[in-house]
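Trainee: Quick one: sequence and predicted model below, then my questions.
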Amino acid sequence: MADFFLNEFIVNIDVAIYQFVDSIMNPVLNVIMTFITHLGDTPGIIWFILGICLLIPRKTRKLGILLFAGLAFASVINNLCLKEIIERPRPYNLDPEVWKNAGYEYIWPNLIKKSDSWSFPSGHTSTSIGAAFALLLGCRKKELGIGIPAFVISLLIGFSRIYVHVHYPTDVIVGALIGLIAGAVVYVVCAKLIFPKVVPAIENKLNKKLI
């Protein structure tokens, strides 16, 4: 399936976005984007820390559950299914002639370590947005101070994957869509089934309030 991504339309999208990113690269952004991209490293350092912090107080426990569920669901779809089915090579492993024929010179900026995994879709992007979007959807008005910054960070993590040139822009675009879908599905399942039915049943068994 990787050959599908060699069609002119997709290659031109990747090249156009890469050219824009190349035009804004500078030493300051290099440091910032390298730091941001590592926030999404497996198992999602920032999401793991935030999720644990939300699980500890009972009043934010639902948000912690949503975050971890979104993270897990997006990871299964992206990393365990799509990457292994599609097997798109990383941009630094693509035949240089493809870039040359598109009028683009791909240059590895050496900002992070190269990955050996397949490229499509972006796992950092899908899992980060899956976690943050599920969290955002579950936020009440007074909790938006948590949800909105988390979602913005997830978008920045996605952009950083293009910036450090470890993913094609189309990897990130599709990864973002997967994350949004995963986050929405998790929220609906939790709001309609887990929180109103499953959790109360467990609480009755334990005779203890969990959320």
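Mentor: Cool, got the structure. Numbers count the residues shown, from 1 in each chain.
Trainee: How many residues are close by the nearest residue to Ser117 once chain neighbours are set aside?
Mentor: In space, Ser117 comes closest to Lys83 once its chain neighbours are excluded; the distance is 6.5 Å by Cβ to Cβ, 6 or more residues apart in numbering. Glycine gets a C-beta too; all of them are placed from N, C-alpha and C. For Lys83, the neighbour count with other Cβ atoms under 10 Å is 20.
Trainee: what about Lys83, which helix or strand?
Mentor: With secondary structure defined by DSSP states H and E, Lys83 is part of helix 83-86.
Trainee: For the residue nearest to Ser117, give me the pLDDT.
Mentor: For Lys83, the pLDDT comes out at 90.
Trainee: if we can go back for a sec, residues of the helix holding Lys83 that come out buried?
Mentor: Neighbour-count burial for helix 83-86, counted by 16 or more other Cβ atoms under 10 Å, picks out 83, 86.
Trainee: same thing with stretch 76-91?
Mentor: Buried residues in stretch 76-91 (16+ other Cβ under 10 Å): 77-79, 82-83, 86, 88, 90-91.
Trainee: Need the contact partners of it.
Mentor: 1-2, 5, 14, 106, 114-115, 117-123, 126-127, 165-168, 171, 175, 178, 182 (Cβ atoms under 8 Å, 6 or more residues apart in numbering).
Trainee: Equivalent analysis for stretch 36-55, please.
Mentor: So stretch 36-55 is contacted by 60-61, 63-65, 67-68, 71, 112, 123-125, 127-128, 131-132, 135, 146, 150, 153, 156-157, 160-161, 163-164, 166 (Cβ under 8 Å, 6+ apart).
Trainee: measure the residue nearest to Ser117 to Pro121 for me?
Mentor: The gap separating Lys83 from Pro121 is 7 Å, by Cβ to Cβ, to the nearest Å.
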